[in-house]
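> Show me the folded form of this:
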Amino acid sequence: MHTDLMETGRSSVPATRAARKAASRARILAAARELFEDRDFDAVTVGEIADRAGVAHGSVFHHFESKKGVYRAVLDAVVDEMDAAFDGSADTTDLDAVRRGLRAHLTYAAQHRGLTTRLVLGRRSPDPDVRAASERGRERVLTAIALALEVDPTREANIFVGRVMATAFDEATVLWLESDGTLLAHAVVDWMIEMMEAAIDAVPALEGRAGRRNLPSL
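Below you'll find the model as predicted:
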């Protein structure tokens, strides 16, 4: 009996320690997210992150190694949330699902304007980690859209068109956020859908072939 109690006590120590460590990391990540929502990477200091999280400055480096590590973790979390928003609405593989997914994407962008803009513009960053975070979510959404439109996501011409469309949609998202409601979200989504249809329909021309591809109607 005594041995069992000792074993129970012994096993609870690392569990408690792990819980404290996880809670500390979560506070740092939440604090960094709030700061990066309002300001660019260079305008936020590790000291500010630590102070807002209520931890020692060294704790930030313990969990994330560097400010860039915290920033990458924040962007990765945003990518996961944007994926979840898109996937949660695009629950079937058709154009209506893509439409719902894009609307969910814009809704999320409006609710997290600063971080969305930083993530979208991250593809231009000289930092490879930031570019990687930006690209990760883009590739998943492009594959989902390709499958919904019944096109091969591995075909070279489709990859080319997809990347061009992704760049256009990124710019459209940022411009839409800057419009502050002048452009309606559903109208932007309709425009995105029509652009995709036209671009994919023109793939034969891109490949030097005659003819046009007939897409499923809306």
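> Need the residue closest to the centroid of this structure.
residue 79 (2.2 Å; C-alpha atoms, centre = their mean).
> helix or strand for it, which one?
Per DSSP states H and E, residue 79 falls inside helix 67-89.
> ok, back up a step: who are the neighbours in contact with the nearest residue to the residue nearest to the centre of the chain once chain neighbours are set aside?
Closest residue to residue 79 apart from its sequence neighbours, by C-beta to C-beta, 6 or more residues apart in numbering: residue 137 at 3.9 Å. In this view, the C-beta of every residue, glycine as well, is placed from N, C-alpha and C. Residue 137 sits next to 79, 82, 83, 119 when contact means C-beta atoms under 8 Å, 6 or more residues apart in numbering.
> residues making contact with the host helix or strand of the last one?
Residue 119 is part of helix 113-120, with elements assigned from DSSP H and E. For helix 113-120, the external contacting residues (C-beta under 8 Å, 6+ apart) are 33, 36-41, 74-75, 78-79, 82, 108-109, 133-134, 137, 170, 173-174, 177.
> at 7 Å instead, please
36-38, 75, 78-79, 109, 133-134, 170, 173-174, 177 (C-beta atoms under 7 Å, 6 or more residues apart in numbering).
> same deal with stretch 99-111?
Residues contacting stretch 99-111 (C-beta under 7 Å, 6+ apart): 81-82, 85-86, 88-90, 116, 173, 176-177, 185-186, 188-189, 192-193.
> tell me which residues of it are tucked away?
Going by neighbour count (16 or more other C-beta atoms under 10 Å), the buried part of stretch 99-111 is 99, 100, 101, 102, 103, 104, 105, 106, 108, 109.
> Could you do stretch 125-143 as well?
Quick answer for stretch 125-143 (16+ other C-beta under 10 Å): 130, 132, 133, 134, 137, 138, 141, 142.
> now the helices for this structure?
With DSSP state H as the criterion, the chain has helices at 2-38, 46-53, 57-64, 67-89, 95-111, 113-120, 128-148, 156-179, 185-201, 203-206.
> And for residue 39, the neighbour number?
13 (other C-beta atoms under 10 Å).
> excluding its backbone neighbours, what's nearest it?
residue 114 is the one closest to residue 39 (C-beta to C-beta, 6+ apart), at 8.0 Å.
> One more: residue 52?
Spatial nearest neighbour of residue 52, excluding adjacent residues (C-beta to C-beta, 6+ apart): residue 31 at 3.8 Å.
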